[in-house]
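In: return a 3D structure for these sequence lines:
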Amino acid sequence: MPRWDHEIRIKELWAAEADDDDMQAIEVAPQVAERLRAFAKRIESKKPFLASEIENIADEFADVPETDKPERAFNDILDGLYDLADANRIWVA
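Out: As a prediction, this is how the structure comes out:
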């Protein structure tokens with residue numbers, strides 16, 4: 001049996017060396033939200049509760065551009081995504 005049941009690919013969305021981390025968070029967060037929503041839609045029929053949790057996290061990412069400290073908000077939400085993913089055998093790559 002594989003270690004991970006699912007995979008969400010988001011890491012390629014941001015650059016390792018960005019000039020402005022807040023600006024990068026503002027630009028990338030909506031893209032992450034979009035990918036999370038697509039993932040939630042794929043699993044909705046089999047795992048409705050997990051899909052709902054992923055949707056909630058997607059909503060948080062979508063709100064990042066409106067926050068006072070976008071990079072901090074992005075990283076805090078990302079931590080929550082990793083926790084949820086680990087608990088549900090989802091590889092965030």
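
In: Ser52 - how many residues pack around it?
Out: 11 (other C-beta atoms under 10 Å). Heads up, the C-betas are built off the backbone N, CA and C, glycines and all.

In: repeat that for Ile90.
Out: 20.

In: got a list of what it touches?
Out: Trp4, Asp5, His6, Glu7, Ile8, Leu84 (C-beta atoms under 8 Å, 6 or more residues apart in numbering).

In: make a PyMOL selection of the buried ones in those residues.
Out: Applying 16 or more other C-beta atoms under 10 Å to these, the buried members can be selected in PyMOL as follows:
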select buried, resi 6+8+84
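
In: longest helix in this structure, please.
Out: Assignment by DSSP state H gives helix 21-43 as the longest helix of the chain.

In: in that one, what's buried?
Out: So, applying 16+ other C-beta under 10 Å, buried residues of helix 21-43: 22, 24-30, 32-33, 35-37, 39-40, 43.

In: so what's the gap between it and the chain middle?
Out: Relative to its chain's centre, helix 21-43 lies at 6 Å (C-alpha atoms, centre = their mean, to the nearest Å).

In: in helices only, show me the contacts of Ile90.
Out: Reading helices off those with DSSP H, I get Leu84.

In: adding pLDDT and distance to Phe49, write the contacts of Ile90 out as CSV.
Out: Shown next, in CSV, are the contacts of Ile90 (pLDDT from 0 to 100; distance: C-beta to C-beta, whole Å):
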residue, pLDDT, distance to Phe49
Trp4, 84, 19
Asp5, 87, 15
His6, 93, 14
Glu7, 94, 19
Ile8, 96, 17
Leu84, 97, 11
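
In: spatially central, which residue of the protein would that be?
Out: Val32 (5.1 Å; C-alpha atoms, centre = their mean).

In: distance of the closest residue to Met23 other than its chain neighbours from Val32?
Out: Distance criterion C-beta to C-beta, 6 or more residues apart in numbering; nearest residue to Met23, sequence neighbours excluded, is Pro70 at 7.8 Å. Using C-beta to C-beta, to the nearest Å, Pro70 is found at 12 Å from Val32.
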